[in-house]
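**Student:** Sequence first, predicted coordinates after that:
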Amino acid sequence: MRHFPGQRNGEKVEMILRKHWIIHVYALLRFLFIGIAPALIMVFLISRFMHSGNGFFDLSLAFLFAFLSFTLLYSLICWLNDDLDIVVVTNERVIDITQVTLLDRDTSEASLRQIQDVKGQIKGILGTILTFGTISVRTANDISVFELDHVHRPILNSSKIMSYIKTGAYIKVRKDESYKKHLQSSRKRILDALRSFFKN
């Protein structure tokens, strides 16, 4: 995407941040938890009373179909709300586009001159192993303009944004050795702890 709604004349897109693929896993688990599990229980109950007559079986099948359709639609909307969240970095500003609901989109922005700090943070075992976390953008008065969670490599990408802000030109930032060693060390500690836990 090199063009977006509200783009100014002469404004160039330098960087686009999207959410990590883990959101697709979350969407699938959400559907399995709130859709498939209750549906299996209903199928079991229907099979027990399918010979009771009085149209109970047909009515139960209709209800089951409606329930699964609603659950699938709800899960799809939740997935789209996460998947369509992006952060766009241009040569003039940083723009956060958040899909609030299916038909409601919220846009926040900050001029590059106003931004004081861009922070990337990784939390939890899963975030450390798969390297996803949160990027937050703050202005000079220490007010958080916006945050984007479940971003791939948040520390690296926040460094890229800060480098662009400081130099006024996009700089490709490589992973430095200290960051790489820190990440490898964190993963090793977590894996060692998991191995010792399962051995015991």
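**Tutor:** Looks like it came in fine.

**Student:** When you work out contacts or count neighbours from here on, use the C-alpha atoms and nothing else.
**Tutor:** Fine.

**Student:** in this structure, which segments are predicted with low confidence?
**Tutor:** 1-2, 45-46, 49-58, 141-145, 168-183, 200 (pLDDT under 70).

**Student:** can you point me to the longest helix in it?
**Tutor:** As assigned by DSSP state H, the longest helix anywhere in the chain is helix 56-83.

**Student:** what's in contact with the following helix or strand past it?
**Tutor:** Using DSSP states H and E, the helix or strand that follows helix 56-83 in sequence is strand 86-90. Outside strand 86-90, the residues within contact range by CA atoms under 8 Å, 6 or more residues apart in numbering are 11-19, 94-98, 148, 161.

**Student:** does F4 count as helix, strand or coil?
**Tutor:** Classification of F4 using DSSP: H, G, I helix; E, B strand; the rest coil returns coil.

**Student:** going forward, begin numbering at 36 instead of 1
**Tutor:** From this message on, residue numbering opens at 36, which makes the last subject F39.

**Student:** That one - how many residues pack around it?
**Tutor:** A count of nearby residues for F39, using other CA atoms under 10 Å, gives 9.

**Student:** Could you pick out the buried ones from the contacts of strand 121-125?
**Tutor:** Buried members of the contacts of strand 121-125, counted by 16 or more other CA atoms under 10 Å: 48-50, 52-54, 129-133, 183, 196.

**Student:** so R148, which of the three states?
**Tutor:** coil.

**Student:** List just the nearest of the buried ones among the contacts of strand 121-125 to I112.
**Tutor:** Proximity of the buried ones among the contacts of strand 121-125 to I112 (CA to CA) peaks at T133, which lies at 13.5 Å.
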